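just the structure for this:
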Amino acid sequence: MTIVWKFTTGARRHAAPWLLVLSLYLANRRGLASAPELRQPPGRIAIVGAGIGGAATAAFLRKEFGPQVQIDVFEGGKVGGRLDTAHFGGKEFETGGSIIHPLNLHMKQFIDDLGLAQRRAVPSRLGIFNGKELVFQESDWFIINFIKIIWRYGLNFIRMQMWVEAILDKFMRIYQYQQYGYSFSSVEKLFHSMARDEFLSMFNETLDQAMQKVGFSQQFMNEIVTPIMRVNYGQSIKMNAFVGAISLAGADSGLWAVEGGNKLVCSGLLYHSKATFIPANVTAIAFKTRPVRTGGTVSLYEVSYTGEAGASHNLYDLVFIAAPLHQGKSNINFLNFNPPIPTWFPGRYHLTVSTLVHGLLNVSYFGVSEPASAFTVSEVVSMEHEELVVNSVRSLDPVTVSPEYKRPPASEPNVWKVFSPAPLTQDQLQKIFLSWDSISETRWLAYPYYSPPQRIPPILLHDRLYYLNSIEWAASAMEMSAIAARNLALLAHHHWYGLTDKIDQEELNSRIRDSSFEQQLEIAMRKSVASALSVPRNLPSQNDDKKLDASVTGEMAVFHSNGKRGRCLEQVYLYLMTVLPTSVEAKRAFSTAGILCTNYSLAWTTARWTSYAFYALITATN
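Down below sits the predicted model:
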């Protein structure tokens, strides 16, 4: 009892000033956060493109700049861009981007915010076609599939999953960076922040080189990796290693889509952002200066466009281009910029033809001798072969899947989606299908042609002119566009308000890990401060403020140090967050923290002995 009494009185002696220091420290941090409010937000913002990138940009800009900003979104085609559907027999089917990975956190957040639902998954089976026969055919039984894979490919498949997961683990850091408000002025800096030079080096080597370097077999590369590249990007294992790894993640389990069609995310985000949709093609963007009443000039961007009502133009403070600036994709002229901005950047987009066929599949095309009624494969992906004219053939489910829906067997007419590098001729279709009653063909310049070393266009085209689709040259996916949209909204916000400490910061992974712990600590401290300061106290003098600031600096230095006191202090903080802020244990922890932050060479007073005993107790307990 004596030790407890002495410790409690010590806690009062050390905790009160320590709590006051913390409260002022937190108050100072809150005061700094209000600095951006000193400047007015932009008046008008233009976004060129209403695909997933443009729609997400509108939503994130609204979040960053508030409700008073006018946001105009220009689109000469359909809302959704490369997310599109087609109608067959009264049902709607995806023709564009169709799958979303379970770790695509922005896309998951979008459907939650918009009240959309994930589409019910329909069981499917995969077959791998070498041009003559199916070299692999999936079973309904997991154990049989596992044995088949191990027998044919050894541990390569498991090693591939581990390799991809290690890459995704580093890639997932971007969500934490964005949660803390950090942004990057180039694609290279964004990827460097996640994995230093690892991802950048993957841009400059082929997937074939990267996987052979870590010991994957050539058979596995030919029969598993190549078909995945062909169905996801229409390309080979000669594409850059990073986009190849992202493509392999697309072969993971748990993939999903939006009930009603993925394009609903785009229209939903535009509505949710309260942006003004302008159905027009942007023809030019010009840099302009205008005089202001108070003297001097202001820089603006004039966006010229042509719609059903004819040609027109508007002035904007910020402009975001969410459409590819490459030959065959856009034709925007940039005027009065120094240095000049090209109409097209180097590189080309890869042609993929999506053909929907409502008909009867010819299963013998895949070297199968069994009757169609026994053919249970719902998706066939092909290896690389000079005589193969298709990348994949897949039984397609509608965008709205009812609880009663069952996929028709191959012996009955069904909707099939065929990916090919070129339009299919009548002769080619007659080999794949016994008969059909309707066909819909869509020619997509869907993603860049990837060939390392990869040249990536800039994000920042001018002071307040941003290019979202630059990120596609690292990897093309719905989530990549959403990540780029979030980054550009943050970057534009920080540029506008002069928050340079939130742009292109290094070593964010370790810094955020520490600050994340500090934020958890601050939550616990706030509660304790509220409890300890329940009675009015006199405000400190200016001299007291200086002493308190010095104490804060010293305490944070101890916490961030690599020495014994820093490690001990961290243990105390961790314990503190597990107890009630008003408890005796919390007071003891405060006292121990105060002792640890004082000069380590002090004499061993009673308070120090009791603090040491308490520290020994909690570390033994933990």
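
so where's this structure shaky on pLDDT?
For the chain, the stretches with pLDDT under 70 are 1-38, 513-622.

spatially central, which residue of it would that be?
Central residue of the chain (C-alpha atoms, centre = their mean): I483, 4.0 Å from the mean position.

what's the spacing between that residue and F60?
Here I483 is placed at a distance of 10 Å from F60 (C-beta to C-beta, to the nearest Å). Placement of C-beta: from N, CA and C, glycine included.

do the same with A257
A257 is 22 Å from F60, by C-beta to C-beta.

kindly report the same for Q118.
From Q118 over to F60 the distance is 22 Å, taken as C-beta to C-beta.

which one of the two has more residues nearby?
In terms of neighbours (other C-beta atoms under 10 Å), F60 is the more surrounded of Q118 and F60; the figures are 23 against 13.

helix, strand or coil for the closest residue to that one other than its chain neighbours?
Closest residue in space to F60, ignoring its immediate chain neighbours: A489 at 3.5 Å, by C-beta to C-beta, 6 or more residues apart in numbering. Under DSSP: H, G, I helix; E, B strand; the rest coil, the three-state class of A489 is helix.

count of neighbours near A489?
The number of residues packed near A489 is 26, by other C-beta under 10 Å.

same thing with the one 5 residues further on?
With neighbours defined by other C-beta under 10 Å, the count for H494 comes to 21.

where's it relative to T294, distance?
25 Å.

longest strand of this protein, counting residues only.
Selection of the longest strand in the chain by residue count, based on DSSP state E, yields strand 433-448.

just checking, what packs against that strand?
Applying 3 or more C-beta pairs under 8 Å, 6 or more residues apart in numbering; DSSP states H and E, one finds that strand 433-448 contacts strand 85-88, strand 349-361.

buried residues in that strand?
For strand 433-448, burial by neighbour count (16 or more other C-beta atoms under 10 Å) applies to 433, 436, 440, 444-448.

with stretch 258-271 instead?
Buried-residue list, stretch 258-271, by 16+ other C-beta under 10 Å: 258-270.

ok, these vs V298, which is closest?
L270 (28.2 Å; C-beta to C-beta).

distance from the chain centre to whichever helix or strand the closest one is part of, please.
According to DSSP states H and E, L270 maps onto helix 263-272. With C-alpha atoms, centre = their mean, to the nearest Å as the basis, helix 263-272 stands 18 Å off its chain's centre.

hmm, who's touching that helix?
50-52, 54-56, 58-59, 73, 78-81, 83-85, 96, 107, 110-111, 113-114, 116, 258, 277, 478 (C-beta atoms under 8 Å, 6 or more residues apart in numbering).

who does the helix or strand just after the longest strand of the chain pair up with?
Counting by DSSP H and E, the element after strand 433-448 in chain order, helix or strand, is strand 460-462. Note on strand 460-462: by DSSP bridges, its sheet partners are strand 465-467 (antiparallel).

right, and V303 touches V282 too?
Yes - taking contacts as C-beta atoms under 8 Å, V303 lies within contact range of V282: 6.0 Å.

give me phi/psi at S312?
phi -160, psi 180 (degrees, to the nearest 10).

next, the closest residue to it other than its chain neighbours: secondary structure please.
Spatial nearest neighbour of S312, excluding adjacent residues (C-beta to C-beta, 6+ apart): Y305 at 6.2 Å. Assigned by three-state DSSP, the conformation of Y305 is strand.

what are the bridge partners for Y305, then?
With DSSP bridges as the rule, Y305 is bridged to V282, S312.

for the helix or strand encompassing N232, buried residues please.
Using DSSP H and E, the element containing N232 is helix 226-233. The neighbour-count check on helix 226-233 (16+ other C-beta under 10 Å) flags 226-233 as buried.
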